[in-house]
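J.: Pasting the sequence and the predicted model now:
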Amino acid sequence: MKYSITLLLLLLAIVGVKAQTLAERINAKNVTFVDVRTPEEFANGTVEGAINIPLEQLEKQLNQLKGKENIVLFCRRGIRAGKAQDILKKNGIAAVNGKTAAHIQSLQKVNLADELTFRNDRQTTYFVKDGKSIRQVAVALGEGAILKKHTTDVPATLIMVKGEVRFLINGEEIILKDLDTYQIPVEVEHEVIGVQKENIFIITKQLAD
């Protein structure tokens, strides 16, 4: 009976490991991204936070990866990453093949709570998207924190994600709460004040072409 229970626990542990999807590994806080392409390829763009260990140098740099619990490898097409996975396995280091940088990025998510802090003296910000035609920025305010008076020169939309803020404009006050949406008028001075301990809103601007 004792051996049966031990075997059952072992099988459950194995199933638990296999049940972790690539997306879960990619979005885990302990992930280590390893780009096994050449330094030149790495310099042309990679996954945020990735380290570069070219496939040809991998066996000489194993110490960088020993002790890492969640290693995701990638390259241009996934072939070199597969070879790197085999090398690491022979050296007792577990890793998964994330295929390409684009594939990893398609599975990545960002939690705003990890990127923002709630200060009482000023706002903190995180750029959700900063492109040529659109800009999205998440803003966090602690209780009493003020996003000082300013204007926007292009149409902007504010969406409350969490908390409550006082939006002051034209001598009036608008209270915005969870999931409220507000269209900010162009060239009109306004300021925003945090009401609760944790307040987050997203500003989206349509930029000129």
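T.: Thanks, I have it.
J.: can you give me the strands in this protein?
T.: 31-35, 51-52, 70-75, 96-100, 124-130, 134-141, 146-150, 156-162, 164-169, 172-177, 181-184, 190-194, 199-206 (DSSP state E).
J.: Can you give me the buried ones in the last one?
T.: Across strand 199-206, burial judged by 16 or more other Cβ atoms under 10 Å covers 199-205. For every residue, glycine as well, the C-beta is placed using N, CA and C.
J.: Could you point out which of the strands of the chain sits nearest D114?
T.: Closest to D114 of the strands of the chain is strand 124-130 (Cβ to Cβ; 9.2 Å).
J.: From the contact counts, what lies against that closest one?
T.: If you count contacts as 3 or more Cβ pairs under 8 Å, 6 or more residues apart in numbering; DSSP states H and E, strand 124-130 packs onto strand 134-141.
J.: In PDB, list the C-alpha atoms belonging to stretch 21-41.
T.: C-alpha atoms of stretch 21-41 as PDB (Å, rounded to 0.1, in the frame of the first residue of the first chain):
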ATOM      1  CA  THR A  21       1.400  25.100 -20.800                       C
ATOM      2  CA  LEU A  22       3.900  27.100 -22.700                       C
ATOM      3  CA  ALA A  23       1.900  30.200 -22.100                       C
ATOM      4  CA  GLU A  24       1.900  29.600 -18.300                       C
ATOM      5  CA  ARG A  25       5.700  29.100 -18.400                       C
ATOM      6  CA  ILE A  26       6.200  32.300 -20.500                       C
ATOM      7  CA  ASN A  27       4.100  34.400 -18.100                       C
ATOM      8  CA  ALA A  28       5.500  33.000 -14.900                       C
ATOM      9  CA  LYS A  29       7.500  35.400 -12.700                       C
ATOM     10  CA  ASN A  30      10.500  33.000 -12.500                       C
ATOM     11  CA  VAL A  31      10.900  32.600 -16.300                       C
ATOM     12  CA  THR A  32      14.300  32.900 -17.900                       C
ATOM     13  CA  PHE A  33      14.200  33.700 -21.600                       C
ATOM     14  CA  VAL A  34      17.300  32.500 -23.500                       C
ATOM     15  CA  ASP A  35      17.900  33.600 -27.100                       C
ATOM     16  CA  VAL A  36      20.200  31.100 -28.700                       C
ATOM     17  CA  ARG A  37      20.700  33.100 -31.900                       C
ATOM     18  CA  THR A  38      23.900  35.000 -32.800                       C
ATOM     19  CA  PRO A  39      24.700  38.300 -31.100                       C
ATOM     20  CA  GLU A  40      23.900  40.100 -34.400                       C
ATOM     21  CA  GLU A  41      20.400  38.600 -34.500                       C
END
